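>>> Take this sequence and fold it.
(chains A and B)
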Amino acid sequence: MRSLTYPLSVAAVLALGFWAYREGYETRAVEREVRQLEREIAAKRRDLRMLRAEWAYLNRPDRLSALVELNFADLQLMPVTDGHFGTAAEVPDLPPPVAVAELGLDASVSGIVPTNFEFGAGAAPVVIAPAAPAADGEQVP
Amino acid sequence: MTPPLDRIAALLRRRPAALDDPFRPVPGAAPAGAPRDGDADRRRAGRRLQFTAACFCVAFGAVAFKMAAIAATGPAEARVGVVDTGITSDRADIVDRRGNVLATNVMTTALYAQPHLMLDPVAAADGLKGIFPDLDQEAWERRFSSARKFVWIKGNISPEQRQAVHDLGEPGLLFAEREMRVYPNGPLAAHVLGGARFGEQDVRAAEIVGVAGTEGFFDERLAGAPDAPLRLSLDLTVQNTVERVLHSGMQLMDAKGAAAVLMDIRTGELIALASLPDFDPNARPRPATEGDPADSPLFNRAVQGLYELGSTFKIFPAAQALELGLMNRSTMIDLASPLPKGGTHIRDFHYLGRERSLEDVIVESSNIGTARVAMQIGSKRQREFLGALGLMEPTGVELTEARGARPQSPPPNRWSDPYVMTISFGHGLAASPLHLASAYASLLGDGRRVTPTLVARDQAPQLGPEIVSARTAAESRWMLRQVVARGTASLARIPGYRVGGKTGTADKPKHTGGYWDDRVVTTFASVLPADDPKYVLVVTLDEPNDRTGPKVRRTAGWTAVPVAAEIIRRTMPLLGLRPDEGPEDIGLYSLARR
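Prediction:
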């Protein structure tokens, strides 16, 4: 019996030591990974802040009004005045929605929303394609 | 006992010493000649045992030390988690009431030099001059050749400039990463935001310090809670509209400056606060060291500009007379008999007849009539009333500039009859347009004190102390509505919006004493809609001249009112206020609607 007890406990100590060692190393590896991820998160947050600042800069009222004036022929946007308030009675009855299939479009085209409305008035169904940036990617005046 | 337990007990039991134990002391004599050798052996064995024991002691000591060290240090896992990534910036953003960014931080690069690392200081200064034309080449050559170990060159350079400096290949020129404050909307709301500069700076980071406006006032809050944006009460779109209209109006009226305050009449939240001329907080100009500080673009006319606001004050004695029960709106006021001593020089703009009702005194803006009402009220009550409206102390709005803007009024012991009369129509007491707006909001909303604020309120504020009854407030609004409907502010008649307001034209005081003949400050203070008040708008023009007619016109009715009317026309739809074409309430505005 004694001959079995000593080897067993020695083996158990060895096994435990091995296990503890491996756990230690694994923990350190995970910690390194977490630190790496934290650095990445911090970098992404920084990028996000930068993008938010850029978004605010691109949406500054000065630029928007310049863009509105530049694209007046297409958009015909005007400052909001008291004449822009409507009444519920002016809203036309909604026509039934049109399914994409009915428009006879190529099924591979995606990101298309059929709408029956142009500026809210009842008009023929129109396809609004996703906006395409200019060739040089620059749309800023 | 069971046999297995027996066996375990037998194992644990100390073994009896065997009879043939070799170390058992042998009785009898030792071998001859052995004692000396035995002593040496024993000493040697003793030394070996001591050595072994020392080894064990060192080994166990090392283990114990390590264990103690592990026990004493905190768990390494504490660093894992969101603690490291939680703080994302040095300073909180400032946003408007809808969450549009007004001020934020971006990463930028600073340039510094370590002259002792430089290979060729002359070439470095020459190269920098090529990149930054504003640098003084000789001065930097001197600095680079000096014994200094560290010099800041530029606090903020663009990526292109950074690359150009990098391309110089000078090891003594180094870059530091830091955050920088940016105001993406440029000069919009410049006076509210103020501006920021670098404080303590280091190679790894730089402290951003607010210098004026909300940046200055909330400096500790912005630096202390960098992840919670500060939400202001401003509305970016409305602010932009107000500034644009005000700018056009200022140019049309050939004015030197202009200010506008748009305030929520219940909460005191400032929806727009504009002062022109303005500046770009991204490149805040230096304060003027000479000349009149009021001419600097940094000067906030809406908050710091203390002007005699003229006839806009006339509603205060009228409302107080109603509240005290001295008069009602139809009480006839004598305009013909002479005023008491000290008021004999008071004249009206044009002859208004022998007597008019209190309402007509306001509508026709009679100085004599208002002075007579004020004389009935008396000095003490007038002073207390104006104090209750907040016209005797700084407004308390959250701007560093507001702390010093205390209205200029005569001291209580010198507040004599001549002052009572002139202050009743807005002369002799200088206050800022923001003071006027808060006083109008306090008087005309619920008759309760309203404190102006630039911070968006999440919940309704605590009601201030009552100044006048709701009935007096409604009657005052009615009188102001009549000013627009049939009085001096006829250009503010806007279909659908029942504007009530009072014009005010005051001659500007000369620095040398006396008043200018041809320099005025015109003000239009309005409440809208008059029957269901939601907003107070104050527009002030500094030295306007309307030259569209054959004669130059300078009264508020021709200058401030049209500008205010255009602001109302443009901003009220933005604020979601529907035009109401229905018939106007006849008689007193019903209190039930409020």
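>>> Could you use CA atoms for every contact and neighbour count after this?
OK.
>>> Contacts only, for the residue in chain A that chain B sits nearest to.
In chain A, the residue found nearest to chain B is A:Tyr57; the distance is 4.5 Å by Cα to the nearest Cα. For A:Tyr57, the contacting residues are B:184-185, by Cα atoms under 8 Å, 6 or more residues apart in numbering or on different chains.
>>> and it, what helix or strand is that in?
Per DSSP states H and E, A:Tyr57 falls inside helix A:2-58.
>>> Heading C-terminal from that helix, find the next helix or strand.
Next element after helix A:2-58 (DSSP H and E): helix A:61-70.
>>> Got the domain ranges for the chain?
Just so you know, I chose chain A. A:1-82, A:86-130 (automatic domain parsing).
>>> my question was about chain B
Split by automatic domain parsing, chain B gives B:88-114+B:178-227, B:238-283+B:295-593.
>>> Put together CSV for those, with distance to chain A and mean neighbour count on each row.
Formatted as CSV, these follow (distance: least, Cα to the nearest Cα, whole Å; neighbours: other Cα atoms under 10 Å in any protein chain shown):
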stretch, distance to chain A, mean neighbour count
domain B:88-114+B:178-227, 4, 20
domain B:238-283+B:295-593, 6, 21
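>>> where along the stretch 351-500 of chain B do the strands fall?
In the stretch 351-500 of chain B, strands defined by DSSP state E, counting those that start in this stretch lie at B:355-357, B:430-431, B:500-509, listed in chain order.
>>> Show me what the first one is in contact with.
Applying Cα under 8 Å, 6+ apart, the contact partners of strand B:355-357 are B:329-336.
>>> strand partners of it, parallel vs antiparallel please.
Sheet pairing for strand B:355-357, assigned by DSSP bridges, gives strand B:332-334 (antiparallel).
>>> Quick one: distance of stretch B:480-493 to the chain centre.
Distance of stretch B:480-493 from the chain centroid (Cα atoms, centre = their mean, to the nearest Å) equals 35 Å.
>>> so which helix or strand takes in the spatially most central residue of chain B?
Centroid-nearest residue in chain B: B:Thr214, 1.8 Å away (criterion: Cα atoms, centre = their mean). Using DSSP H and E, the element containing B:Thr214 is helix B:213-217.
>>> May I have that helix as PDB, with CA atoms only?
As requested, the backbone C-alpha atoms of helix B:213-217 are provided in PDB (Å, rounded to 0.1, in the frame of the first residue of the first chain):
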ATOM      1  CA  GLY B 213     -17.900  81.300 -22.500                       C
ATOM      2  CA  THR B 214     -19.300  77.900 -21.400                       C
ATOM      3  CA  GLU B 215     -15.800  76.400 -22.000                       C
ATOM      4  CA  GLY B 216     -14.500  78.700 -19.200                       C
ATOM      5  CA  PHE B 217     -17.500  78.400 -16.900                       C
END
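>>> phi, psi of the residue nearest to B:Ser432 when sequence neighbours are not counted?
Using Cα to Cα, 6 or more residues apart in numbering or on different chains and skipping the chain neighbours, the partner closest in space to B:Ser432 is B:Leu306 (4.5 Å). Main-chain dihedrals, B:Leu306, degrees, to the nearest 10: phi -100, psi 110.
>>> B:Leu306 reaches B:Ala402, doesn't it?
No. Using Cα atoms under 8 Å as the test, B:Leu306 is too far from B:Ala402 to be in contact (11.1 Å).
>>> about what we covered before: export the strands of the stretch 351-500 of chain B as TSV, with columns for mean pLDDT and distance to B:Arg449.
Below are these laid out as TSV (pLDDT from 0 to 100; distance: least, Cα to Cα, whole Å):
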stretch	mean pLDDT	distance to B:Arg449
strand B:355-357	88	28
strand B:430-431	91	17
strand B:500-509	89	19
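>>> ok, of the contacts of strand B:355-357, which one's closest to B:Gly504?
B:Leu335 (19.9 Å; Cα to Cα).
>>> Go ahead and confirm the closest one touches B:Ile368.
Yes. Contact between B:Leu335 and B:Ile368 holds when scored by Cα under 8 Å: they sit 6.1 Å apart.
>>> picking up where we left off before, quick one: pLDDT of the residue nearest to the centre of chain B?
Listed pLDDT for B:Thr214 reads 91.
>>> What average pLDDT does the helix holding A:Tyr57 get?
90.
>>> what residues are up against B:Met421?
Applying Cα under 8 Å, 6+ apart, the residues near B:Met421 are B:343, B:370-372, B:374-375.
>>> Now do the longest helix along chain B: distance to the chain's middle.
Longest helix of chain B, by residue count under DSSP state H: helix B:34-72. Centroid separation between helix B:34-72 and its chain, computed with Cα atoms, centre = their mean, is 74 Å.
>>> With stretch B:269-288 instead?
Distance, centroid of stretch B:269-288 to centroid of chain: 12 Å (Cα atoms, centre = their mean).
>>> Could you do stretch B:557-569 as well?
The answer for stretch B:557-569 is 27 Å, by Cα atoms, centre = their mean.
>>> State the pLDDT value of B:Thr488.
86.
>>> Need phi/psi at it.
Per degrees, to the nearest 10, the backbone of B:Thr488 is at phi -80, psi -10.
>>> Name the nearest residue to it, ignoring sequence neighbours.
B:Gly557 (5.7 Å).
>>> Could you pull up the mean pLDDT of stretch B:236-250?
Mean pLDDT, computed over stretch B:236-250, is 93.
>>> For that stretch, which outside residues touch it?
Counting by Cα under 8 Å, 6+ apart, A:61, B:96, B:100, B:188-189, B:256-260, B:271-276, B:541, B:544, B:563, B:566-567, B:570-571, B:574-575 sit against stretch B:236-250.
>>> What residues does chain A have near chain B?
Residues of chain A lying close to chain B by Cα under 8 Å from any Cα of the partner chain are A:31, A:34-35, A:38-39, A:41-42, A:45-46, A:49-50, A:53-54, A:56-57, A:60-62, A:79-82, A:85.
>>> before we move on, back to that, can you flag which of the contacts of stretch B:236-250 belong to helices?
Counting by DSSP H, the contacts of stretch B:236-250 place A:61, B:563, B:566-567, B:570-571, B:574 in helices.
>>> The residues you listed: which two are farthest apart?
It's A:Pro61 and B:Val563 that sit farthest apart of the ones in helices among the contacts of stretch B:236-250, by Cα to Cα, at 20.5 Å.
>>> surely B:Pro277 meets B:Gly257?
Yes. Using Cα under 8 Å, B:Pro277 makes contact with B:Gly257 at a distance of 6.0 Å.
>>> all strands of the stretch 201-350 of chain B, in order?
Assigned by DSSP E, counting those that start in this stretch, the strands in the stretch 201-350 of chain B fall at B:206-212, B:230-231, B:257-264, B:270-276, B:307-308, B:332-334.
>>> got TSV for these, with distance to B:Asp90 too?
Below are those laid out as TSV (distance: least, Cα to Cα, whole Å):
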stretch	distance to B:Asp90
strand B:206-212	7
strand B:230-231	14
strand B:257-264	32
strand B:270-276	27
strand B:307-308	39
strand B:332-334	63
